[in-house]
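> would you be able to build a 3D model of this:
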Amino acid sequence: MHRSIYALLALLLPAVAMSEVKQGAPDGALIEHRFRIAAPPTAAWQALLHPERWWPADHTWSGEPGNLSLEPDAGGCFCERWSGNSAEHARVVMVKSGELLRLRGSLGPLQEMAVTGVLTVNLAAKDGGTEAVVTYRLSGDPSHKLDGFIAVVDQVIGLQFGNFAKAVR
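A predicted model of the protein is given here:
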């Protein structure tokens, strides 16, 4: 009986997350989030390619996630377009269809700081579902003092990709 309850809870709670700031220094930082998703990697991949469905509105320049698009091909744009305006959130640098998406971009206010960011999402089958590992590596010069606010970046990445994990059906 208890196994049935746990299996039901696993279906009702589609994503469980763990996060860690792996490195924090004035000139660089690395964070990692792990999400357990109660859906196969193919479903997770399809959801990942549609940030307009899960990216938080208050983490867009326009306030409307529906203005986001992602071209899943090397050189493709994770962009936002609205009312004659546009913003490049990141550029796709690697795609292994169904398992890895890597973007180069400085998200949000990091863009203005000229900090370099590399975001990698790895998807792998695990325990009848998917494990999504999201890493974000930032580099800048020591004057950026990245270690002073990496905890906030960690929370934001957790929110954004927590929404992704919950959106997987």
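
> can you confirm Asp43 is in a helix?
I think there's a mix-up here, since residue 43 is Ala and not Asp. Yes: counting by DSSP: H, G, I helix; E, B strand; the rest coil, Ala43 is found in a helix.

> contact partners of stretch 61-80?
The contact list for stretch 61-80, computed with CB atoms under 8 Å, 6 or more residues apart in numbering, reads 49-57, 60, 81-83, 85-95, 97, 101, 103, 105. Backbone N, C-alpha and C define where each C-beta goes, glycine included.

> from these, keep the buried residues only.
49, 51, 54-55, 60, 87, 89-93, 95, 101, 103, 105 (16 or more other CB atoms under 10 Å).

> using CSV, write out every CA atom in stretch 140-160.
Written as CSV, here are the backbone C-alpha positions of stretch 140-160 (Å, rounded to 0.1, in the frame of the first residue of the first chain):
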residue,chain,number,x,y,z
GLY,A,140,34.0,38.2,-15.6
ASP,A,141,36.8,40.3,-14.2
PRO,A,142,37.3,40.5,-10.4
SER,A,143,35.6,43.9,-10.3
HIS,A,144,32.3,42.1,-11.0
LYS,A,145,32.4,40.6,-7.5
LEU,A,146,30.3,37.6,-8.8
ASP,A,147,30.7,35.9,-5.4
GLY,A,148,28.7,38.7,-3.8
PHE,A,149,25.4,37.9,-5.7
ILE,A,150,25.8,34.3,-7.0
ALA,A,151,23.3,33.2,-4.3
VAL,A,152,20.6,35.4,-6.0
VAL,A,153,21.5,34.0,-9.5
ASP,A,154,21.2,30.5,-8.0
GLN,A,155,17.7,31.3,-6.8
VAL,A,156,16.7,32.8,-10.1
ILE,A,157,18.0,29.8,-12.1
GLY,A,158,16.2,27.5,-9.7
LEU,A,159,12.9,29.4,-10.2
GLN,A,160,13.2,29.5,-14.0
